[in-house]
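Novice: What would the 3D arrangement of this be:
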Amino acid sequence: MVDASATDRAVEAFSLLGDDTRLAILRTLWNAEDPLSFGDLRERVGVRDSGRFNYHLKKLDERFVRKTDEGYELRFAGRRVIGALLEGTYDQADDAESIPVDGPCLECGAALTYRYEDEIASVSCDEGHDMLKTGVPPGIFAGRDDEALPRVFERYIRRQSEWTKSGFCPNCSGPTSAQVSESELWDRTDYIMVTFTCERCGQTLHSDVAAALLDHPDLVAFAREHGVGVRETPIWELTLLHDAETTVTTDPFRAAVTFRLDGDERTLVVDEAFSVVDVT
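Specialist: Here you go, the predicted structure:
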């Protein structure tokens, strides 16, 4: 559930940014190596009228900008604003050409292709099997060679997942909670899904429960014993993930995920809140 009061405060805060001069102040402080005096800041922004500049600066003061003994500098919220602008304004990735991806589709054996269109990145085959697909901001691809884009996409998704599972919303840094249940989103209804929900902004992240367990220490160790690095291997090449089986029991709710490699098995059992309660 979205925190209405937090949303109202956010709307109020962003209403303060609806002016080019205020955004220019933030950009100027972002580029400055040290805090700037009022005069230096006004000169760099390029506003001649001192009173007009002071009016806009005060609108940002204590929320996006702070005044110290050395001068003005960005607060954390101000840095996040600039980061958001940079993250969403990179154009090279828009409707990128298809890029071949190493390894076959684990569903059918067909060749895999990376695509990016309308801010949706995917690694899939021509038969319609999506190995990985989700929305990502174009800014993550800045300065990357085309052949690196699939792994950049995958590393970004892993980082977002780790952040979320650690209890932080990647959208607003608010606290997250987890709920394990049968899938209601995907065509394969045999998936057991874990949904992470931010208690502040309401953003949700959905994952197959097996994929959400990939970085668990017991699974990482099990895979390493068989020569597989789950953190280094692209998700679309991890056969232990593709071949994982999940069974559910109730009263109390338990989801047991069994991973297999070279004839060996490792089972991780999670409760409804996605806490690992047993490993066998």
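Novice: just the strands in the chain please.
Specialist: In the chain, the strands defined using DSSP state E lie at 65-67, 72-74, 96-104, 111-117, 120-125, 130-135, 176-182, 192-198, 204-208, 245-249, 254-261, 264-270, 276-279.
Novice: Switch those over to a markdown table; also include mean pLDDT, mean neighbour count and distance to residue 231.
Specialist: C-beta here means a position set from N, CA and C on the backbone, and glycine is covered the same way. Shown next, in a markdown table, are the strands of the chain (pLDDT from 0 to 100; neighbours: other Cβ atoms under 10 Å; distance: least, Cβ to Cβ, whole Å):
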| stretch | mean pLDDT | mean neighbour count | distance to residue 231 |
| --- | --- | --- | --- |
| strand 65-67 | 93 | 17 | 38 |
| strand 72-74 | 94 | 20 | 34 |
| strand 96-104 | 87 | 14 | 17 |
| strand 111-117 | 94 | 19 | 20 |
| strand 120-125 | 94 | 20 | 17 |
| strand 130-135 | 92 | 16 | 15 |
| strand 176-182 | 93 | 17 | 21 |
| strand 192-198 | 94 | 21 | 19 |
| strand 204-208 | 91 | 18 | 16 |
| strand 245-249 | 94 | 14 | 22 |
| strand 254-261 | 97 | 19 | 15 |
| strand 264-270 | 98 | 18 | 16 |
| strand 276-279 | 98 | 13 | 18 |
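Novice: Those strands: which one's closest to residue 223?
Specialist: Among the strands of the chain, the nearest to residue 223 by Cβ to Cβ is strand 254-261 (6.6 Å).
Novice: Outline the domain layout of the chain.
Specialist: Per automatic domain parsing, the structural domains of the chain span 4-88, 90-165, 212-279.
Novice: lowest-confidence stretch among those domains?
Specialist: Among these, domain 4-88 has the lowest mean pLDDT, at a mean of 85.
Novice: closest to residue 180 out of the domains of the chain?
Specialist: Going by Cβ to Cβ, the one of those nearest residue 180 is domain 212-279, 5.4 Å.
Novice: before we move on, the earlier item: switch the strands of the chain over to CSV; also include distance to residue 35.
Specialist: Converted to CSV, the strands of the chain look like this (distance: least, Cβ to Cβ, whole Å):
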stretch, distance to residue 35
strand 65-67, 9
strand 72-74, 4
strand 96-104, 40
strand 111-117, 39
strand 120-125, 38
strand 130-135, 37
strand 176-182, 34
strand 192-198, 33
strand 204-208, 37
strand 245-249, 54
strand 254-261, 51
strand 264-270, 48
strand 276-279, 46
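Novice: Out of those, which gets nearest to residue 169?
Specialist: Nearest to residue 169 among the strands of the chain is strand 192-198 (3.7 Å), distances taken as Cβ to Cβ.
Novice: Listing partners with orientation, what would you give for that closest one?
Specialist: strand 176-182 (antiparallel), strand 204-208 (antiparallel) (DSSP bridges).
Novice: Run the angle between it and strand 254-261 for me.
Specialist: Relative orientation of strand 192-198 and strand 254-261, computed by axes from the mean of the first three to the mean of the last three Cα atoms, to 10 degrees: 120 degrees.
Novice: List the contacts of strand 192-198.
Specialist: Here strand 192-198 makes contact (Cβ atoms under 8 Å, 6 or more residues apart in numbering) with 164-165, 169, 171-172, 174-186, 203-210, 212, 246, 248, 255, 257, 270, 274.
Novice: tilt between that strand and strand 245-249?
Specialist: Using the same axes, to 10 degrees: strand 192-198 against strand 245-249 is 80 degrees.
Novice: And strand 192-198, how far out from the chain middle?
Specialist: Strand 192-198 has its C-alpha centroid displaced from the chain centroid by 14 Å (Cα atoms, centre = their mean, to the nearest Å).
Novice: Same question for stretch 207-223.
Specialist: Distance, centroid of stretch 207-223 to centroid of chain: 18 Å (Cα atoms, centre = their mean).
Novice: Residues touching that stretch, excluding its own?
Specialist: The contact list for stretch 207-223 (Cβ under 8 Å, 6+ apart) reads 158, 161-162, 165, 180, 183, 191-194, 196, 229-231, 235, 238, 240-241, 244, 246, 255, 257, 259, 261, 264, 266, 268, 270, 274, 276, 279.
Novice: and with 7 Å instead?
Specialist: The contact list for stretch 207-223, computed with Cβ atoms under 7 Å, 6 or more residues apart in numbering, reads 161-162, 165, 180, 191-194, 229-231, 240-241, 244, 246, 255, 257, 259, 261, 266, 268, 270, 274, 276, 279.
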